[in-house]
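Undergrad: Predicted model and sequence below, questions to follow.
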Amino acid sequence: MDLDPVLLARAQFGANITFHILFPTITIALAWMLLFFKVKYNSTGQSHWMEAYAFWVKVFALTFALGVVSGVTMSFQFGTNWPGFMETVGNVAGPLLAYEVLTAFFLEATFLAVMLFGTNRVSPRMHTVATFLVALGTTFSAFWILALNSWMQTPAGFEMVEGKAVVTDWMQVIFNPSFPYRLVHMLLACGLTGAFLMAGLSAWQWHKGMRTAAVRAALQTGVTVAALLIPIQIFVGDLHGLNTLEHQPQKIAAMEGVWETEKGAPLLLFAIPDNKERTNHYEIGIPNLASLILTHKADGEIKGLNEFKDAHPPVFQVFWAFRVMVGVGVLMLLVSWYGVWRLNKSINKPMQYSLMAMTFSGWVATVAGWYVTEIGRQPFLVQGILRTEDAISAVPPSMIASTFVGYLVLYVLLLMAYVSTLYYLAKKSGSAIELSSSSPTAGGRHAHV
């Protein structure tokens, strides 16, 4: 078989980053939710807030560990699969990755042990500070990684000298044109991922009869956070789309399935883009709506893919990944708002089932959105500067294929183990909370799970 090394290397890195991104999206949100639980406990003295903290900090620790381990393999691949990347833009990427380690990872690693094991070993104030610093560290980590990724999408603040990117202005590098939108959009995605995980897992505990104050507090927190964030995410997503239209119009054309430049472009609800024939089959759309959303004019012009010749992304993947992301977002809006409404009445079975079904919906939406972003940048690794095919290593395709299969098998097994462990912890923690709540001292300020 003739194996395409570029496609294999992309698929392998895509598998790695897909698996890795699942875990930071949870830890970034959970860290701040844990801080909320801790502050509520400190201010009210109600033990159920600390009981909720005690369970969800275990989920945080498990997720954090997998996030760190899965992130290591990606850094290896910069050297094994993509040496041309660091050779060409290493002057930009290297320092940004170093800043992430120095300002974020060290901060998390330093205070993580205090957060996990210091409940009865340090003062309540110090433990709260440690939780805050871990949360701050996770957010700093996202800041630097997204600064680099955004620069790869909309590079700025550099000049090319003998085929290598040399920084001329670090502020322009970091705060490049798409960075503010991508940072806010991703942080909101993390918040939604963590909120639906908390709401869904708590709904499962409630459904299994673990109807304690701690479970209800976590359920209410998850549903409320989701209901607050999803309309903001929709608004920010629209702003991000307008920014992408300005700086990466070929990506927008792929997202909307627009082949020929046209005014009053329809919003396609369904279509099967054909990359070879350069057309769509079985289109179902709403006239003028794509132009109205993107240009705020019903007859606004959207540049078609044919304007970019071969310098545009594969359409089918970007088109459908975008629709998966938007579709899950609409479900998030409906389920979270329904959940908030039901919280004021009772947690009935429809609410329980809908939240349980949406437990990992944040993962689906985030991965779909990430595919839109990353596949939508093709055929460039760094937009307009470095083509993907020019950064590939000389590793034999058969070697890439074999390690790719190995990664996939390992990731499936680890993901199954992670999910099953979550439910094991939820069942075990729920039983412990029930026992604690039935004890004579359960209402005391220092009751812990």
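TA: Happy to help now that I have it.
Undergrad: Okay, buried residues for stretch 227-242 please.
TA: Applying a neighbour-count criterion of 16 or more other CB atoms under 10 Å, the buried positions in stretch 227-242 are Ala227, Leu229, Ile230, Gln233, Val236, Gly237, His240, Gly241. Where C-beta positions appear, they are placed from N, C-alpha and C, glycine not excepted.
Undergrad: Output the below-cut-off pLDDT ranges for this structure.
TA: 1, 430-449 (pLDDT under 70).
Undergrad: What residues of stretch 77-87 count as buried?
TA: For stretch 77-87, the neighbour count (16+ other CB under 10 Å) marks Gln77, Phe78, Thr80, Asn81, Trp82, Pro83, Gly84, Phe85, Met86 as buried.
Undergrad: Would you mind measuring the gap between the ends of that stretch?
TA: Between the opening and closing residues of stretch 77-87 we find a distance of 13 Å, counting by CA to CA, to the nearest Å.
Undergrad: just checking, Leu133 touches Phe111?
TA: Yes: contact status for Leu133 versus Phe111: in contact at 4.5 Å, counting by CB atoms under 8 Å.
Undergrad: Which one's more surrounded, the two?
TA: For Leu133 against Phe111, the residue with the higher neighbour count under other CB atoms under 10 Å is Phe111, and the figures read 22 against 19.
Undergrad: Remind me what whichever strand or helix holds the more buried one packs against, helices and strands.
TA: Element membership of Phe111, judged by DSSP states H and E, is helix 106-117. Contact analysis of helix 106-117 by 3 or more CB pairs under 8 Å, 6 or more residues apart in numbering; DSSP states H and E lists helix 47-80, helix 124-153 as its packing neighbours.
Undergrad: Including distance to Trp206, could those go into a markdown table?
TA: Below are the helices and strands packed on helix 106-117 laid out as a markdown table (distance: least, CB to CB, whole Å):
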| stretch | distance to Trp206 |
| --- | --- |
| helix 47-80 | 13 |
| helix 124-153 | 25 |
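Undergrad: So for Gly406, which of those sits nearest?
TA: Evaluated over the helices and strands packed on helix 106-117, closeness to Gly406 peaks at helix 47-80, with 10.9 Å, by CB to CB.
Undergrad: does Ile28 really touch Leu136, like I thought?
TA: No: under the criterion of CB under 8 Å, Ile28 lies out of contact with Leu136, with a separation of 10.6 Å.
Undergrad: Which one's more surrounded, those two?
TA: For Ile28 versus Leu136, the count of surrounding residues by other CB under 10 Å is larger for Ile28: 23 against 18.
Undergrad: Show me which residues of the helix holding Phe111 are buried.
TA: Along helix 106-117, the positions that meet the burial threshold by neighbour count (16+ other CB under 10 Å) are Leu107, Glu108, Phe111, Leu112, Val114, Met115, Leu116.
Undergrad: ok now do the third one, which residues does it touch?
TA: Think Phe111. Remark: with contacts taken as CB atoms under 8 Å, 6 or more residues apart in numbering, Phe111 is in contact with Val129, Ala130, Thr131, Leu133, Val134, Gly137.
Undergrad: how about a cut-off of 6 Å?
TA: If a contact means CB atoms under 6 Å, 6 or more residues apart in numbering, then Phe111 has Ala130, Leu133, Val134 as its contacts.
Undergrad: any chance of those in JSON lines, with distance to His207 too?
TA: Written out in JSON lines, the entries for the contacts of Phe111 read as follows (distance: CB to CB, whole Å):
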{"residue": "Ala130", "distance to His207": "33"}
{"residue": "Leu133", "distance to His207": "35"}
{"residue": "Val134", "distance to His207": "31"}
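Undergrad: Between the residues you listed, which sits nearest Glu159?
TA: So of the contacts of Phe111, ranked by how close each gets to Glu159 (CB to CB), first place is Leu133, at 37.6 Å.
Undergrad: residues in contact with that closest one?
TA: Leu107, Phe111.
Undergrad: Relative to Leu35, how far out is it?
TA: Computed with CB to CB, to the nearest Å, the distance linking Leu133 and Leu35 is 10 Å.
Undergrad: And for Leu355?
TA: With distances defined as CB to CB, the gap from Leu355 to Leu35 amounts to 23 Å.
Undergrad: just the buried residues of helix 106-117 now: which is nearest Met186?
TA: Glu108 (17.5 Å).
Undergrad: What is the burial count for the residue nearest to the closest one when sequence neighbours are not counted?
TA: What sits nearest to Glu108 in space, not counting adjacent residues and going by CB to CB, 6 or more residues apart in numbering, is Gly137, at 3.7 Å. Look at Gly137: counted by other CB under 10 Å, it has 22 neighbours.
Undergrad: now Val412
TA: For Val412, the neighbour count with other CB under 10 Å is 11.
Undergrad: So it lies in a helix, does it not?
TA: Yes: inclusion of Val412 in a helix is indicated when DSSP: H, G, I helix; E, B strand; the rest coil is applied.
Undergrad: That one and Val225, how far apart?
TA: According to CB to CB, Val412 and Val225 sit 30 Å apart.
Undergrad: Repeat that for Asn149.
TA: As defined by CB to CB, Asn149 lies at a distance of 25 Å from Val225.
Undergrad: Please apply the same query to Gly209.
TA: Taken as CB to CB, the spacing of Gly209 relative to Val225 amounts to 25 Å.
Undergrad: now Trp204
TA: The span separating Trp204 from Val225 equals 18 Å under the rule CB to CB.
Undergrad: Now do the strands in the chain.
TA: For the chain, applying DSSP state E gives strands covering 158-161, 164-167, 262-263, 267-274, 279-286, 301-302, 380-382, 386-387.
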